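J.: The sequence isn't on hand, but the structure is:
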Ligand SMILES: Nc1ncnc2c1ncn2[C@@H]1O[C@H](COP(=O)(O)OP(=O)(O)OP(=O)(O)O)[C@@H](O)[C@H]1O
Ligand code: NI
């Protein structure tokens, strides 16, 4: 299967005033493949959105990014982490990698209707559309209706302003924008937040449909059931580090990292046994395994960060795996 994005040893730190350093992502490695969906799961604040921001050059100036993230698609090869901003803006974002952002309304311009967002995006992405002749305006408008329809956005929603949209409609609008340029890679950051259960399922099924058409999708979610529903592979993140990766069936049925096992045990259907304690602050991570203080299997060796060990495509970074 074609690897479209190959991320190796990606780390992100934020330098704050008074010498504090927030380690938001530590040594993350994973691949996004054509026709595959990778789910990235983990608790709030563990670094998922920062990781996505790093891939698209969307982090603020105080972020220090290390590692490599090679995008190799039909257009060519580029390291996303070192590509200059004009390249990211003009060639990558929206064209080769689409982003469904975590907070849709924050990404929409309040004074523009959904139709205007779509026609302007389409005009930038496909320069033959949308020049100010009547025929081209009509073409842009048709393309906007089409882009909306693709994600179940009714034509009646196109003339609404962002504040007039329900959570579900706003989510659809940003998804339509993310797909307008037909990117091969899609990064979906909690695309079902705020949606009721049927709409969440529909959104997930739409994402899966894109995967089946050959796109590579990174699905960020808190929801293990959402991951199980559409992902092929899963990466579990804890306190800035990916601690377990593998085929979704294997990881969710035979978790090896005690944190993954803890997440599963905390599900209501498994008896709702929450993991005791809280994750560490990312500005004061321990030197060793960050899960050690909450881990029932921990031993002396856990004072060192564990290296990832692999067992046929199932990776686990733990000294004492289950
Ligand atoms: N600009 C910044 N400066 C300093 N710290 C930041 C900055 N942006 C994010 N962080 C910190 O990085 C960490 C990871 O944040 P991130 O948004 O990636 O979490 P997340 O896993 O996406 O959480 P959620 O599930 O709530 O969306 C958090 O501790 C956050 O406070
Ligand atoms: Ni996030």
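T.: Received, thanks. Just so we're clear, the structure is a prediction, and the values are computed from it rather than from any experiment. Numbering: from 1, shown residues only. Ligands and ions are numbered 1, 2, ... in the order given.
J.: ok, how many other residues are close to the residue of the stretch 51-200 of the chain found nearest ligand 1?
T.: Closest approach between the stretch 51-200 of the chain and ligand 1, counting by CB to the nearest ligand atom: residue 60, at 4.6 Å. Any C-beta I mention is one placed from the backbone N, CA and C, and that applies to glycine too. Residue 60: 7 surrounding residues under other CB atoms under 10 Å.
J.: out of everything not next to it in sequence, what's closest to it?
T.: residue 14 (7.8 Å; CB to CB, 6 or more residues apart in numbering).
J.: Same question for residue 250.
T.: That would be residue 314: by CB to CB, 6+ apart, it lies 5.4 Å from residue 250.
J.: That neighbour reaches residue 245, doesn't it?
T.: Yes - the pair residue 314 and residue 245 qualifies as a contact (CB atoms under 8 Å) at a distance of 7.5 Å.
J.: Give me the more crowded residue out of these two.
T.: A direct count of neighbours by other CB under 10 Å for residue 314 and residue 245 places residue 245 higher, at 25 against 18.
J.: Which other helices and strands does the helix or strand containing that one contact?
T.: In the assignment (DSSP states H and E), residue 245 maps to strand 241-247. Counting contacts by 3 or more CB pairs under 8 Å, 6 or more residues apart in numbering; DSSP states H and E, strand 241-247 packs against strand 21-33, strand 233-238, helix 258-265, strand 314-316.
J.: Taking helix 258-265 as reference, get the angle to that strand.
T.: 70 degrees (axes from the mean of the first three to the mean of the last three CA atoms, to 10 degrees).
J.: Return the set of buried residues in strand 241-247.
T.: 241-246 (16 or more other CB atoms under 10 Å).
J.: for stretch 315-322, same thing?
T.: 315-321.
J.: Measure how buried the closest residue to residue 50 other than its chain neighbours is and give me the count.
T.: In space, and not counting its chain neighbours, residue 50 is closest to residue 24: 4.1 Å by CB to CB, 6+ apart. Using other CB under 10 Å, the number of residues around residue 24 comes to 24.
J.: repeat for residue 89
T.: 14.
J.: same check, this time on residue 33
T.: The number of residues near residue 33, taken as other CB under 10 Å, comes to 19.
J.: Next one, pLDDT for it please.
T.: If you check residue 33, the pLDDT there is 98.
J.: residue boundaries of the helices in the protein?
T.: 48-55, 85-87, 114-125, 134-150, 167-179, 197-212, 224-230, 248-253, 258-265 (DSSP state H).
J.: I'd like to know which helix or strand in the chain has the lowest mean pLDDT.
T.: helix 134-150 (a mean of 84; mean pLDDT, DSSP states H and E).
J.: Tell me what angle it forms with helix 167-179.
T.: Computed by the same axes, to 10 degrees, the angle between helix 134-150 and helix 167-179 is 120 degrees.
J.: Give me the distance between helix 134-150 and the centre of its chain.
T.: Between the centre of helix 134-150 and the centre of its host chain there is 28 Å, according to CA atoms, centre = their mean, to the nearest Å.
J.: With stretch 106-116 instead?
T.: Using CA atoms, centre = their mean, the distance from the centre of stretch 106-116 to the centre of the chain it belongs to is 22 Å.
J.: Any part of that stretch near ligand 1?
T.: No - residues of stretch 106-116 are not located near ligand 1 by CB under 6 Å from any ligand atom, the shortest gap being 12.5 Å.
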